[in-house]
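*Asks:* Give me the fold of what follows.
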Amino acid sequence: MLLFAFLFFSFFTFSNGQQIIRVDQLKGGGLVNEIDVEPPYSVYFSGSKDADEDLKSIFLNTEDGEKKNFFDLKHSKFDEFSDLLTSFQVNSTATVTTGLGKLTLNWMKGFIYIVPEKQTKDKCFRVYDVDKIQIVKTSEETDCTLVFLNTNHEASPVQSSKFTEWEQSESSSAKLYKGFPKDDEEGIPVFSNPIEVIGKSIVFIPDRFSVRFEVFHIKTSNHLHFKVSSGHVEMNGHTTSGYTTTGLVMKKTDEKPQDINIICVQDTRYNGTVGVNIVGQPKGTVTVKAVDYVDFEGITVRPKSEKYTWTADLAQELNISSQNADDGEFYIQYFIVQGQKVSDKFKAIPEPLVGKTGQPGMNLFVLGIILFVIL
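*Replies:* Numbering: from 1, shown residues only. Below is the predicted model of the structure:
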């Protein structure tokens, strides 16, 4: 049983052979750590905050005589200004050894990512170590798999990756998934662009958003451009960046629930649609409300692995909350679409009725009293 537990926490093995081997789970003191992957395969390292001197004391050893320390793997990048990693090719069985003690290893956060040859043979397969601001571009008529590794535990929240300046062509698509790429069906993405809205496929210019994953990947087709860096976008109180846009709200199992209030920028001469796609684990429920002046539309659902879509008339604010979901995990991609022009005059917009916690609360109560007195 102890051996099984050790292997489970040290080696995360997937059906397609991909693995991560964590530095803090290595055996130190010169003991041998076997890599249980059939060669050939590629090795990448993520560990931007680990000490260089310690990484120089950890070695990847191949049976055919090659030896690479983790410091060299860490700096195996396209250039000194890039977070695009270059791989170390392994063509024989291999091991990892280090003379460091267990106490030192326990404080380290890095890991090596092992990818079988069949995966890296894709025409456009890239691996990024999320650290500095990185511009990511894909070209026309090329399908790409972009893998992102984040070991930054100094950020708050930890391992948060921020996306900005996202643009893509009308003929392109992008789907973001938690974890490693799969050979078979990927399942439901946590974020995608374009989105099907009331029977029409719409390519959005997304708001700034962030994800908090150790490993995630994006499957793309055709032209895509964005910036990614270590960082976080606070969604409570967030104001959308345009009249037609999309973004992401997420909660991991180890995070406390938070009520989220998003202010929807709108041109009041036009009607429109606001909506969400929800996926997650069936623990607790999620409530979404589209609040407009004194009225609102809303739904309460239990997140599942299948996508749930809900739409409503464009509103002043979008409120997202959860109930009994302390151990739950969910991903809510919101979207706003400006519709047809319905007036030549702008409609006066009062102060937001939903407070920072996203509850209609006292403002509605006071407004009710005022209306009662007037009537």
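*Asks:* Only C-alpha atoms from now on, for both contacts and neighbour counts.
*Replies:* Fine.
*Asks:* tell me the domain ranges of the chain?
*Replies:* Residue ranges for each domain of the chain read 2-120, 124-233, 235-375, as given by automatic domain parsing.
*Asks:* from the chain's centre, how far out does the longest one sit?
*Replies:* From the chain centre to the centre of domain 235-375 is a distance of 21 Å (CA atoms, centre = their mean, to the nearest Å).
*Asks:* where does the stretch 251-375 of the chain dip in pLDDT?
*Replies:* Counting by pLDDT under 70, the stretch 251-375 of the chain has low-confidence residues at 341, 347-375.
*Asks:* ok, which stretches of it are strands?
*Replies:* 260-263, 270-280, 285-292, 295-301, 308-313, 317-323, 330-341 (DSSP state E, counting those that start in this stretch).
*Asks:* Just list what the first one packs against, helices and strands only.
*Replies:* Pointing back at strand 260-263 there. strand 317-323 (3 or more CA pairs under 8 Å, 6 or more residues apart in numbering; DSSP states H and E).
*Asks:* re the thing from before, how about CSV for the domains of the chain, with mean neighbour count added?
*Replies:* Formatted as CSV, the domains of the chain follow (neighbours: other CA atoms under 10 Å):
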stretch, mean neighbour count
domain 2-120, 17
domain 124-233, 18
domain 235-375, 17
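*Asks:* of all the strands of the stretch 251-375 of the chain, which lies closest to Asp79?
*Replies:* Closest of these to Asp79 is strand 330-341, at 34.2 Å (criterion: CA to CA).
*Asks:* okay, the angle between that closest one and strand 285-292?
*Replies:* Taking axes from the mean of the first three to the mean of the last three CA atoms, to 10 degrees, one finds strand 330-341 and strand 285-292 inclined to each other by 20 degrees.
*Asks:* Could you shift the numbering so residue one becomes 11, and keep it that way?
*Replies:* Yes, from this point I'll number from 11; that puts the last item at strand 340-351.
*Asks:* Can you list the strands that strand 340-351 pairs with?
*Replies:* Looking at strand 340-351 with DSSP bridges, its partner strands are strand 255-261 (antiparallel), strand 280-290 (antiparallel).
*Asks:* what's in contact with the first one?
*Replies:* The one in question is strand 255-261. With CA atoms under 8 Å, 6 or more residues apart in numbering as the contact definition, strand 255-261 has outside contacts at 201, 214-221, 245, 267, 338-347.
*Asks:* Mind doing that once more with 6 Å?
*Replies:* The contact list for strand 255-261 (CA atoms under 6 Å, 6 or more residues apart in numbering) reads Phe214, Ile215, Pro216, Asp217, Glu339, Phe340, Tyr341, Ile342, Gln343, Tyr344, Phe345, Ile346.
*Asks:* Do me a favour and get the end-to-end distance for stretch 184-204?
*Replies:* Start-to-end span of stretch 184-204 (CA to CA, to the nearest Å) is 7 Å.
*Asks:* any idea how far Phe190 is from Trp176?
*Replies:* Trp176 sits at a distance of 22 Å from Phe190 (criterion: CA to CA).
*Asks:* sorry, that was for Glu339
*Replies:* Plainly put, Glu339 is 18 Å away from Phe190 if you go by CA to CA.
*Asks:* so where do the helices sit in the chain?
*Replies:* Here the chain has its helices, by DSSP state H, at 12-20, 62-65, 80-84, 112-116, 127-130, 371-384.
*Asks:* Dig out what the nearest residue to Gln178 once chain neighbours are set aside forms beta bridges with.
*Replies:* Nearest residue to Gln178, sequence neighbours excluded (CA to CA, 6 or more residues apart in numbering): Leu234, at 4.4 Å. When bridges are called by DSSP bridges, Leu234 pairs up with Thr148, Gln178.
*Asks:* Check what pLDDT the most centrally placed residue in the chain gets.
*Replies:* The structure's the chain has its C-alpha centroid closest to Val221; by CA atoms, centre = their mean the separation is 3.1 Å. pLDDT recorded at Val221 is 97.
*Asks:* wait, doesn't it sit right on Ser171?
*Replies:* Yes - assessed by CA atoms under 6 Å, Val221 is found in contact with Ser171 at 5.4 Å.
*Asks:* how about Phe340, what does it touch?
*Replies:* Shown in contact with Phe340 (CA under 6 Å, 6+ apart): Met260, Lys261, Val289, Gly290.
*Asks:* Can you tell me how far the first one is from Val296?
*Replies:* So the one you mean is Met260. Distance of Met260 to Val296, computed by CA to CA: 11 Å.
*Asks:* Equivalent analysis for the second one, please.
*Replies:* Taken as CA to CA, the spacing of Lys261 relative to Val296 amounts to 11 Å.
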